[in-house]
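In: coordinates only, sequence not included:
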């Protein structure tokens with residue numbers, strides 16, 4: 001009997017230990033699941049907060065641009081006869097983070113006048129755009145002629161271009177647009193434009209946004225302060241010139257005779273203020289560089305802006321970004337129109 005009792009006690013102890021171990025595993029799994037759910041919920045909450053902080057930043061930037069449309073280009077000259085300052089924010093000025101709610105947003109604004117317009121730029125500007133890329137001259141001809149063929153309305157290809165006969169012969173055939181580009185990504189469909197070229201800098205240099213008007217600017221408020229008398233000739237709707245204040249370093253390097261020293265001189269100048277006349281540009285880069293770039297540069301602005309906004313949560317690494325292309329025009333009902341909106345922007349560090 002003692003042996004039997006000892007055996008039963010051993011079995012009972014074993015069962016108790018087994019049940020305890022099982023309950024421990026179940027409790028651990030439950031705690032892990034609860035903790036995971038809590039983390040997921042917190043992350044979702046912070047991502048949602050960061051997203052709407054970014055959206056708030058984007059609309060804050062739009063508001064600034066709309067308000068700026070009604071501001072005079074210059075303030076009154078300060079005492080002492082020094083040069084009057086522009087009342088409007090600069091195109092490429094660095095905007096410090098703005099506190100908002102439980103976090104902050106960081107906004108970047110770009111004017112599309114610093115890019116090559118795929119739908120309106122002539123062959124000279126399009127060819128110049130390709131100077132940044134180490135590709136053969138024959139390949140540049142193919143890309144240039146194919147862009148022109150893509151956007152024209154006929155089905156006759158240029159010497160090195162492509163039309164339906166080429167695109168329909170591809171393994172995955174499609175038709176030539178024979179009309180305006182609707183997005184910059186459409187360039188990837190054009191003969192000669194490889195993903196390496198497109199993502200290697202070309203996509204940051206081009207734009208597709210334009211108004212129906214083809215005349216130059218007539219609104220003096222659109223002309224940069226201190227601009228020379230001929231600024232109207234090279235104004236708002238001259239799609240064959242690049243705004244020297246809005247152009248990226250990559251775009252600047254494509255300009256004829258441009259040197260790295262001149263690019264750095266332009267960027268250093270723009271850290272403090274925008275160019276207010278082409279004469280200021282001449283002094284910054286020197287006569288030789290200016291002679292090469294002057295046919296391709298302007299001070300005129302387009303009404304289209306690309307705005308990026310990144311929202312962050314205080315004490316958290318959560319970030320969310322949004323991007324929009326916005327048209328700013330006093331003639332619009334709200335003063336602006338959102339042309340494109342991108343959620344989940346890959347923010348820049």
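Out: Yep, that arrived. In this text, all values refer to a predicted model and were calculated from it rather than measured experimentally. Numbering: from 1, shown residues only.
In: Could you check the pLDDT of residue 91?
Out: We note a pLDDT of 74 for residue 91 in this prediction.
In: One more: residue 332?
Out: With respect to pLDDT, residue 332 has a value of 89.
In: same check, this time on residue 204
Out: Looking at residue 204, the pLDDT reads 91.
In: go on, the one 3 residues further on?
Out: On pLDDT, residue 207 comes in at 94.
In: what's around it, how many residues?
Out: A count of nearby residues for residue 207, using other CB atoms under 10 Å, gives 24. (Each C-beta comes from the backbone N, C-alpha and C, glycine too.)
In: Also the one 4 residues further on?
Out: Each residue near residue 211 was counted by other CB under 10 Å, and the total is 14.
In: how close does it sit to residue 304?
Out: Noted for residue 211: a distance of 9 Å to residue 304, by CB to CB, to the nearest Å.
In: what do you get for residue 327?
Out: Remark: distance between residue 327 and residue 304 (CB to CB) = 5 Å.
In: if you count what's nearby, which of the two comes out ahead?
Out: residue 304 (24 against 18).
In: I figured the more buried one hits residue 339, correct?
Out: Yes - between residue 304 and residue 339 a contact is recorded at 7.1 Å, counting by CB atoms under 8 Å.
In: Need the residues touching each of those two.
Out: Residues touching both residue 304 and residue 339 (CB atoms under 8 Å, 6 or more residues apart in numbering) are 209, 325-327.
In: Looking at these, state which has the most neighbours.
Out: residue 326 (24 neighbours).
In: right, and the secondary structure at it would be what?
Out: strand (DSSP: H, G, I helix; E, B strand; the rest coil).
In: Tell me where the protein is predicted with low confidence.
Out: For the chain, applying pLDDT under 70 flags the ranges 1-10, 71-89, 212-237, 346-349.
In: ok, longest helix in it?
Out: Taking DSSP state H as the criterion, the chain has its longest helix at helix 2-69.
In: what is in contact with residue 327 and residue 304 at once?
Out: 209, 339.
In: Report the separation between residue 176 and residue 161.
Out: Residue 176 is 10 Å from residue 161, by CB to CB.
In: again, but for residue 112
Out: Residue 112 is 26 Å from residue 161, by CB to CB.
In: Strands along the stretch 101-250 of the chain, start to end?
Out: Applying DSSP state E, counting those that start in this stretch to the stretch 101-250 of the chain gives strands spanning 103-111, 116-117, 206-207, 242-243.
In: Relative to residue 311, which of those is closest?
Out: Closest approach to residue 311 among the strands of the stretch 101-250 of the chain (CB to CB): strand 103-111, 4.9 Å.
In: How about the spatially most central residue of the chain: what's its closest non-neighbour residue?
Out: Centre of the chain computed as the mean C-alpha position; nearest residue by CA atoms, centre = their mean is residue 306, 5.5 Å away. With CB to CB, 6 or more residues apart in numbering as the criterion, residue 306 has its nearest non-adjacent residue at 4.5 Å, and that residue is residue 110.
In: list the contacts for the one you found?
Out: Counting by CB under 8 Å, 6+ apart, residue 110 touches 91-92, 246, 305-307.
In: Go again with 7 Å.
Out: Shown in contact with residue 110 (CB atoms under 7 Å, 6 or more residues apart in numbering): 246, 305-306.
In: just residue 258 next, same as before
Out: Applying CB under 7 Å, 6+ apart to residue 258 gives the contacts 252, 289, 292-293.
In: Which two among the residues you listed are spaced furthest apart?
Out: Using CB to CB, the pair of these lying farthest apart is 252 and 292, separated by 11.8 Å.
In: ok, those two, which is more surrounded?
Out: A direct count of neighbours by other CB under 10 Å for residue 252 and residue 292 places residue 252 higher, at 22 against 15.
In: Can you tell me the element the residue lying closest to that one once chain neighbours are set aside falls in?
Out: Among residues not flanking residue 252 along the chain, residue 263 sits closest, at 4.9 Å (CB to CB, 6+ apart). Here residue 263 sits within helix 260-272, counting by DSSP states H and E.
In: can you list contacts of that helix?
Out: 92, 244-245, 249, 252-253, 275, 284-285, 289.
In: Out of these, which is nearest to residue 144?
Out: Nearest to residue 144 out of these is residue 253 (CB to CB; 18.4 Å).
In: starting at the chain centroid, how far to stretch 158-170?
Out: From the chain centre to the centre of stretch 158-170 is a distance of 31 Å (CA atoms, centre = their mean, to the nearest Å).
In: Could you list the buried residues of it?
Out: Neighbour-count burial for stretch 158-170 flags 158, 160-163, 167 (criterion: 16 or more other CB atoms under 10 Å).
In: And the contacts of it?
Out: Counting by CB under 7 Å, 6+ apart, 141-142, 145-146, 148-149, 155-157, 173-176, 191 sit against stretch 158-170.
In: Where helices are concerned, which of those residues count?
Out: 141-142, 145-146, 148-149.
In: Can I have the buried ones of those residues as a ChimeraX selection?
Out: The following ChimeraX line selects those of those that are buried, judged by 16+ other CB under 10 Å:
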select :141,142,145,146,148,149
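In: quick one: which two of the ones in helices among the contacts of stretch 158-170 are the most distant?
Out: Farthest apart among these - using CB to CB - are 141 and 149, which lie 12.0 Å from each other.
In: which non-adjacent residue is nearest residue 319?
Out: Nearest non-adjacent residue to residue 319 (CB to CB, 6+ apart): residue 312, at 5.2 Å.
In: Reduced to three states, what does the one you found come out as?
Out: Applying three-state DSSP: residue 312 is strand.
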